[in-house]
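Student: Mind looking at a prediction? Sequence and model below.
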Amino acid sequence: MSSTVLVEVTNAAAPLDLLLVQDGVGGIVGQVPLVAIRDATTGQYLDFADNRFKASGWVIKQATMSEVERGRYRRPLNVPALQPQRQEGSALVAEYTVDNGPVKGTANDLLLLVNFQSNLALLRKALTNRMEESPGNPGVLVLFDDNGTTPLLTWYLRDMAGGPVLGTAGAPARRSAAV
């Protein structure tokens, strides 16, 4: 079974989780699953010894996972320590393996790196900061940063037929910052 997991880029202990179960029995305990982390873009693997992504020459390419309880295994991943540093939008693949006699298997998780802190800050700014529209061909809509003078985001506007946007007296065009 594989899944997609959103991982905060600032998380120093992002959990890599694996659940080993057997039908009719439940969680399988006493195993030593391994995990490897692959960069989905470059194909390079993480060397757990120095937190660097490499094409070869790993000291620890597959790291052991610790048993938590009832067949659940975990290993923390220090995302800010990865070298080179990964940015929001990066994709990593966690490749899990277990090979212990009758218990054998593999699984993968796609780890998508996100930055919830910056996304929440931008959302707050979009909801509360000054915003102004200007007529033109195209018209312009500008969201200002917290200081009220630095443009943060700009959108170009056209009317419903793709033509220029005209200024109309009495129509809203400027929004002050929320108080």
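Tutor: Arrived safely, thanks for sending.

Student: and residue 167, helix, strand or coil?
Tutor: Under DSSP: H, G, I helix; E, B strand; the rest coil, residue 167 falls in the coil class.

Student: what's the burial count for it?
Tutor: 11 (other Cβ atoms under 10 Å). In this view, the C-beta of every residue, glycine as well, is placed from N, C-alpha and C.

Student: Repeat that for residue 68.
Tutor: Residues within reach of residue 68, counting by other Cβ under 10 Å, total 14.

Student: distance between stretch 73-89 and the chain's centre?
Tutor: Stretch 73-89 has its C-alpha centroid displaced from the chain centroid by 10 Å (Cα atoms, centre = their mean, to the nearest Å).

Student: And for stretch 10-29?
Tutor: 21 Å.

Student: Then stretch 106-118?
Tutor: The answer for stretch 106-118 is 5 Å, by Cα atoms, centre = their mean.

Student: same check, this time on stretch 157-164
Tutor: The answer for stretch 157-164 is 35 Å, by Cα atoms, centre = their mean.

Student: Report the mean per-residue pLDDT for that stretch.
Tutor: Stretch 157-164 carries an average pLDDT of 93.

Student: According to the record, where do the domains of the chain fall?
Tutor: Following automatic domain parsing, one finds the domains of the chain at 3-114, 117-175.

Student: First-to-last residue distance for the longest one?
Tutor: Using Cα to Cα, to the nearest Å, the end-to-end distance of domain 3-114 comes out at 16 Å.

Student: Could you do the shortest one as well?
Tutor: Domain 117-175 has its terminal residues 25 Å apart, counting by Cα to Cα.

Student: Just name the most buried of the domains of the chain.
Tutor: Highest mean neighbour count of these: domain 3-114, a mean of 15 (counted as mean count of other Cβ atoms under 10 Å).

Student: which other helices and strands contact the one helix or strand residue 113 maps to?
Tutor: Using DSSP states H and E, residue 113 sits in strand 103-114. Here strand 103-114 touches strand 3-8, strand 14-19, strand 91-100, going by 3 or more Cβ pairs under 8 Å, 6 or more residues apart in numbering; DSSP states H and E.

Student: Pull the last one out as PDB, backbone CA atoms only.
Tutor: Backbone C-alpha positions of strand 91-100 (Å, rounded to 0.1, in the frame of the first residue of the first chain) are rendered in PDB as follows:
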ATOM      1  CA  ALA A  91       9.000  15.300  -3.900                       C
ATOM      2  CA  LEU A  92      10.700  12.500  -2.200                       C
ATOM      3  CA  VAL A  93       9.900   8.700  -2.200                       C
ATOM      4  CA  ALA A  94      10.100   6.700   1.000                       C
ATOM      5  CA  GLU A  95      10.900   3.100  -0.100                       C
ATOM      6  CA  TYR A  96      10.200   0.500   2.600                       C
ATOM      7  CA  THR A  97      11.400  -3.100   2.600                       C
ATOM      8  CA  VAL A  98      11.100  -6.000   5.000                       C
ATOM      9  CA  ASP A  99      12.700  -9.400   4.400                       C
ATOM     10  CA  ASN A 100      12.600 -11.600   7.500                       C
END
